[in-house]
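Undergrad: Quick one: sequence and predicted model below, then my questions.
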Amino acid sequence: MLVQRMEIDRADGRTPNQLRKLACSRNILNRAHGSASWSQGETKVLAAVYGPKAGTKKNENPEKACIEVIWKPKTGQIGKEEKEYEMVLKRTLQNMCLLTVHPNTTTSIIIQVVNDDGALLPCAINAACAALVDAGIPLKHLAVAICCCLAESGRVILDPNKTEEQRLKAFVYLVFPNSIQSVLPEGALQVGGEPYEHGIITSVTHGLMSVDEYFFCLERGRAASAKLSDFLRRSLQLQVPSESSKTG
């Protein structure tokens with residue numbers, strides 16, 4: 001059954017488990033406290049971090065730092081889907097950040113969509129993680145995000161483009177944590193750094209899938225997260241912040 005699931009044709013020639021080309025650049029916006037761009041194939045997102053600034057938003061706990069996420073589509077107004085993205089991003093980033101270090105402050109993360117060719121939310125999460133590091137925000141751990149899709153036949157593919165997303169019956173966004181100490185450059189100032197080898201931060205499903213299909217997606221996603229983590233580590237270790245790193 002596993003062999004049958006791996007047999008699937010993709011228009012761009014990738015195997016089911018193959019990610020699109022990755023690219024990451026940091027320190028790309030002069031006025032932001034931290035910034036990064038992240039691309040997966042033709043999907044590209046810019047993330048900018050502002051703060052921490054004094055004061056928290058309404059209904060937030062003043063004894064902790066507040067994380068604010070603002071999503072900016074490529075064109076048009078923000079809709080229901082983008083509001084959901086903001087919520088997922090906020091919860092994910094709150095899990096990553098040490099909120100007690102700078103209480104009664106707000107850190108704003110602006111997400112600007114440059115182009116959407118599939119797996120947009122995972123791309124945005126990856127961009128936000130790199131931007132938080134660039135801003136020097138205290139973190140418990142970093143994270144990498146991946147999209148796993150399920151075809152009608154039960155086959156699973158990773159990192160779909162827009163065309164694949166539209167013809168697949170279900171997909172799941174998965175966010176896996178990584179120890180800071182294994183990702184950030186040696187000698188960088190750290191807070192936290194707990195091991196999170198087997199954890200999962202965020203899981204968002206769309207469409208219908210069985211429990212077995214979900215765990216198969218989880219298995220495929222966890223395996224792919226190792227490659228994403230290695231790419232993120234190499235990107236963050238670049239000596240020149242604005243230099244770009246790419247991989248196939």
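TA: Received the coordinates, thanks.
Undergrad: what about V156, how many neighbours?
TA: 26 (other CB atoms under 10 Å). Any C-beta I mention is one placed from the backbone N, CA and C, and that applies to glycine too.
Undergrad: model confidence over the helix or strand containing A23, on average?
TA: Applying DSSP states H and E as the criterion places A23 in strand 22-26. Summarised as a single mean, pLDDT over strand 22-26 is 94.
Undergrad: could you give the angle of whichever helix or strand comes after it to strand 22-26?
TA: Downstream of strand 22-26, the next assigned helix or strand under DSSP H and E is strand 34-40. Relative orientation of strand 34-40 versus strand 22-26 (axes from the mean of the first three to the mean of the last three CA atoms, to 10 degrees): 170 degrees.
Undergrad: Strand partners (parallel or antiparallel) of strand 34-40?
TA: According to DSSP bridges, strand 34-40 has the following sheet partners: strand 22-26 (antiparallel), strand 43-54 (antiparallel).
Undergrad: Now do the buried residues in that strand.
TA: Within strand 34-40, the residues that qualify as buried by neighbour count (16 or more other CB atoms under 10 Å) are G34, S35, A36, S37, W38, S39, Q40.
Undergrad: Just list whatever residues bridge to the fourth one.
TA: Think S37. Here S37, judged by DSSP bridges, has bridge partners S25, L46.
Undergrad: Contact partners for it?
TA: By CB atoms under 8 Å, 6 or more residues apart in numbering, S37 lies in contact with A23, C24, S25, I28, K44, V45, L46, A47, V114, A127.
Undergrad: Give the ChimeraX command for selecting the buried subset of those residues.
TA: Selection command for ChimeraX covering only the buried members of these, criterion 16+ other CB under 10 Å:
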select :23,24,25,28,44,45,46,47,127
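Undergrad: A65: which of the strands paired with strand 34-40 is closest?
TA: For those, proximity to A65 was assessed by CB to CB; strand 43-54 is nearest, at 6.0 Å.
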